[in-house]
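no sequence on hand, only this structure:
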């Protein structure tokens, strides 16, 4: 394993852990951004440049901001009275651990059939664009529809009730 | 109408012919049915409807009399022509499998004379009762029972089947019970009725045994049935060959069993105890049932089954032979005659004297049957019916006139106060004593004495019967002297009875005189009629060896008895409390006779005491043992019920309740899954995925 | 230089588990959504890794899948957070332990 991988993996995992363990909500939002960043770098490491940059743009650039906005609107910055963890947090931890155990066991089980790294694929943005409107045009359109619906839906859901939605 | 024309027509309907026009024998069933139907109708009437009740009863019995007379005439005509006088009609009553139970009726000389006698005497007594029972409030009920009795008695007479006879016999016994206990509020009357029923029942048990035995041996209970009836030679020969105990053949044994039933009904020696007590009933009842008809039913039964008892009689040239069963009948009859006559000497109740006299005369009849055959016994039965009914009705008239007084010591001098009653009573009394030549009793009793004298096994019955005749004359004289002669010893003065009561007395007196002439040795019409021979005048009958001597002897005996009675009692009028003349003469004799020779006491000590003891045992058994078992069962059931209740409450209900509780709590438990909290749902999801994945992965291991 | 596929897969698995743990144990609704985002990202990493190590990477199947996944995840995050805001307006809390109106 290359050292870069170790560093990046550590970064991502740390970010994830921090997200889950930190008490202050905004700190968690920032930590998850770090995790996103780590993942983007891992994509780059895996020669999926477009995916990596898309990750940065969408996740860190939109989703994380969105999360911060939500925290703002729900007054999440205030200290909660009862504690941040649920009363039965141990059960959740156990279940999560079980899930990890199953997944890890699966991976280790199939280590004999491990795939070798092949040559670096020559993927250009042009190829991605051709694929999007060629082979994957249907998912593209559907995702577009979905995004539209999601936008409208989110607006309607989060809107103050007194106001009528502007068409 | 057609029937009447046919009856007068001299073309008889042979048993083998198919006759289209109805014969009297086809209508014979009407004779008993009419009074029974009348009885049924009367039972529905209300108490005040007296005239209707009396009219129905008398009307139905008149119809029966009319039909009986037609039947009698018909039989006489046939007999005179010399053809077989017996006609019968049988029908099937029950059918089970291949065998049947048949009933039927028969018209022969025996039945014909009995029919006329029963219906005629019965009709006279019905008319008499209208006057006698006029003051009684249960007038309607009286006629209902009397009608039923008349119908049943007529049924006994015409019956061709032993079973039908038995059924009518039982009805006769029932009505006797009802009529003896007519004034049931009197404890003595109720007790007398019960005694009568129970005592005759004892006889009836043996009767029933005889019926069953006869049926099992011959397969039929019909008397006459074209050669296969139980009294016809075929069946008799079968019965003769079988042997029962004590050297008797089956025929004789069955005959004796049937005689036991007759002995109960006719008051023969061991079973006579009910007859004197039966005087508790009204006097017409005593006249009809216990003088003329019901007690005669026993004699009639023996006469009817005579072929059974006479089967196997050895033929002899002169005199009368006997079979073992007929010998038993004769001895019992003779003994009864003397026994009852002895007791009658010392009785003080007017009806009781007549009751014991009846028992005694029944003994004569039985002896007559046993010795001389059907004709001899039946002749005395017919004559006795008339003069005994006359005597009872006369006694009733006396009682009525003396204002319900029955003790002869409180009567007297009624010769002047009740002349018509006196004359008729005297005629009846002389007929009973057998006063020579004019009175019917003389001829009938002489017939019996004549036969007894010539009886092969022994002479003793003759002497016994002669002694009985002496006693009869004696006690009847005593009674007449006490009642009609001397001075009046009662309370209020006596008066003569009304015409409706004295007219039947006159009619009966007439017959008491006249009937004798059909049975004299000179012209033995009755005997010939019964035995199906020709009747001819035998002027020389008196010249037969013993005949004149016999007539003289019996006359002498009668005069002796009359004289003795007159000597002791004549016009003397002893005070009621004073001892009787005979008592003063021979007190050692008087006491046992007055106490009825202690027969009732004997029964009380033996049979009744026995039954009383076993009644107590049975009562104890019923109360303690069966009652205890029932109580135990009830208690066990209560226990079981409590157990069930316990089980029901705790197990059944409890289990059900428990189940519901479990379901409820289970539901409560399960509802915790639906906490409404998203994170819980998510956890469950994740856990399920883990499990599923683990299973899949585990199962697809290489 | 050559990191085996298993390494990436393990990292993805771990990240997934961490995201799940966060979603299952934290009280705040927003953190649950953040945890879900982490899980989605872990799945994306799996996709990209398999694309890289699988046969025919020139077909771009894995990459396309991952890109679409990113897009959908973004849309879903928007709607989800909008819902959380709306709920906050109604119940004035984001504490999941308190939200049991659908209990029973």
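Thanks, I have it. Predicted model only: the values in this text are computed from it and were never measured.

would you mind giving both backbone torsions of the residue of the stretch 51-200 of chain B found nearest chain C?
For the stretch 51-200 of chain B, the residue closest to chain C is residue B:96, as judged by Cβ to the nearest Cβ, at 80.1 Å. (C-beta placed from N, C-alpha, C; glycine too.) Backbone torsions of residue B:96, given as degrees, to the nearest 10, read phi -130, psi 120.

low-confidence stretches in the stretch 551-700 of chain B?
Scanning the stretch 551-700 of chain B with the threshold set as pLDDT under 70 gives B:571-579.

please enumerate the helices of it.
Taking DSSP state H, counting those that start in this stretch as the criterion, the stretch 551-700 of chain B carries its helices at B:581-585, B:587-594, B:599-603, B:609-620, B:627-647, B:654-671, B:678-699.

out of those, which gets nearest to chain A?
Taking Cβ to the nearest Cβ, helix B:678-699 is the member of these nearest to chain A, at 4.7 Å.

now do the same contact list for whichever residue of chain C sits closest to chain A.
Nearest to chain A in chain C, going by Cβ to the nearest Cβ, is residue C:24, at a distance of 3.0 Å. Shown in contact with residue C:24 (Cβ atoms under 8 Å, 6 or more residues apart in numbering or on different chains): A:86, A:89, A:91-93, A:95-96, B:679, B:682-683, B:686, C:35.

quick one, which of the helices of the stretch 551-700 of chain B is nearest to residue A:16?
helix B:678-699 (16.7 Å; Cβ to Cβ).

what number of residues lie near residue 127?
Picking chain A for this. Around residue A:127 there are 16 other residues, counting by other Cβ atoms under 10 Å in any protein chain shown.

oops, I was thinking of chain B
Using other Cβ under 10 Å, residue B:127 has 20 neighbouring residues.

with residue B:493 instead?
For residue B:493, using other Cβ under 10 Å, the count is 11.

immediately after the helix or strand hosting residue B:353, which helix or strand?
Counting by DSSP states H and E, the element that carries residue B:353 is helix B:350-372. Per DSSP H and E, the first helix or strand lying C-terminal to helix B:350-372 is helix B:374-401.

distance between that next one and the chain's centre?
With Cα atoms, centre = their mean, to the nearest Å as the basis, helix B:374-401 stands 17 Å off its chain's centre.

kindly report the same for stretch B:580-593.
Its chain's average C-alpha position is 34 Å from that of stretch B:580-593, according to Cα atoms, centre = their mean.

for that stretch, buried residues please.
B:580-583, B:590, B:593 (16 or more other Cβ atoms under 10 Å in any protein chain shown).

span of it from start to end?
End-to-end span of stretch B:580-593 (Cα to Cα, to the nearest Å): 12 Å.

flag every buried residue along stretch B:166-175.
Under the neighbour-count criterion of 16+ other Cβ under 10 Å, stretch B:166-175 has B:166-173, B:175 buried.

redo these as JSON lines? Include distance to chain A and pLDDT.
Converted to JSON lines, these look like this (distance: Cβ to the nearest Cβ, whole Å; pLDDT from 0 to 100):
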{"residue": "B:166", "distance to chain A": "103", "pLDDT": "93"}
{"residue": "B:167", "distance to chain A": "101", "pLDDT": "93"}
{"residue": "B:168", "distance to chain A": "106", "pLDDT": "93"}
{"residue": "B:169", "distance to chain A": "105", "pLDDT": "93"}
{"residue": "B:170", "distance to chain A": "101", "pLDDT": "93"}
{"residue": "B:171", "distance to chain A": "102", "pLDDT": "93"}
{"residue": "B:172", "distance to chain A": "107", "pLDDT": "92"}
{"residue": "B:173", "distance to chain A": "104", "pLDDT": "91"}
{"residue": "B:175", "distance to chain A": "105", "pLDDT": "92"}
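
which ones among the residues you listed map onto helices?
Counted as lying in helices by DSSP state H, out of these, are B:166-173, B:175.

just name the closest of the residues you listed to residue B:69, please.
Among these, and counting by Cβ to Cβ, the member closest to residue B:69 is residue B:168, at 21.2 Å.

which ones are touching the residue in chain B positioned nearest to chain C?
Chain C sits closest to residue B:676 of chain B, with a gap of 3.3 Å, by Cβ to the nearest Cβ. Taking Cβ under 8 Å, 6+ apart as the criterion, residue B:676 is in contact with C:99-104.

for these, which one is nearest residue B:129?
Each of those was checked against residue B:129 using Cβ to Cβ; the closest is residue C:104, at 100.2 Å.

test for you: state the pLDDT assigned to that closest one.
With respect to pLDDT, residue C:104 scores 62.

can you tell me the SS state at the residue of chain C closest to chain A?
helix (DSSP: H, G, I helix; E, B strand; the rest coil).

next, the angle helix B:678-699 makes with the helix or strand where residue A:100 lies.
Using DSSP H and E, residue A:100 sits in helix A:89-109. Here helix A:89-109 points in a direction 30 degrees away from that of helix B:678-699 (axes from the mean of the first three to the mean of the last three Cα atoms, to 10 degrees).

beyond helix A:89-109, next helix or strand please.
Using DSSP H and E, the helix or strand that directly follows helix A:89-109 along the chain is helix A:125-133.

can you list the buried residues in that next one?
Applying a neighbour-count criterion of 16+ other Cβ under 10 Å, one finds A:127-128, A:131-132 buried in helix A:125-133.

before we move on, back to that, okay if I get the ones in helices among the buried residues of stretch B:166-175 as JSON lines plus distance to residue B:148?
Listed next are those as JSON lines, based on distance: Cβ to Cβ, whole Å:
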{"residue": "B:166", "distance to residue B:148": "17"}
{"residue": "B:167", "distance to residue B:148": "13"}
{"residue": "B:168", "distance to residue B:148": "11"}
{"residue": "B:169", "distance to residue B:148": "14"}
{"residue": "B:170", "distance to residue B:148": "12"}
{"residue": "B:171", "distance to residue B:148": "7"}
{"residue": "B:172", "distance to residue B:148": "9"}
{"residue": "B:173", "distance to residue B:148": "12"}
{"residue": "B:175", "distance to residue B:148": "5"}
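
one step back: so which of the contacts of residue B:676 is the most crowded?
Highest neighbour count within the contacts of residue B:676: residue C:99, with 18 neighbours (other Cβ under 10 Å).

correct me if wrong: that residue contacts residue B:680.
No: the pair residue C:99 / residue B:680 is not scored as a contact, 10.9 Å apart, by Cβ atoms under 8 Å.
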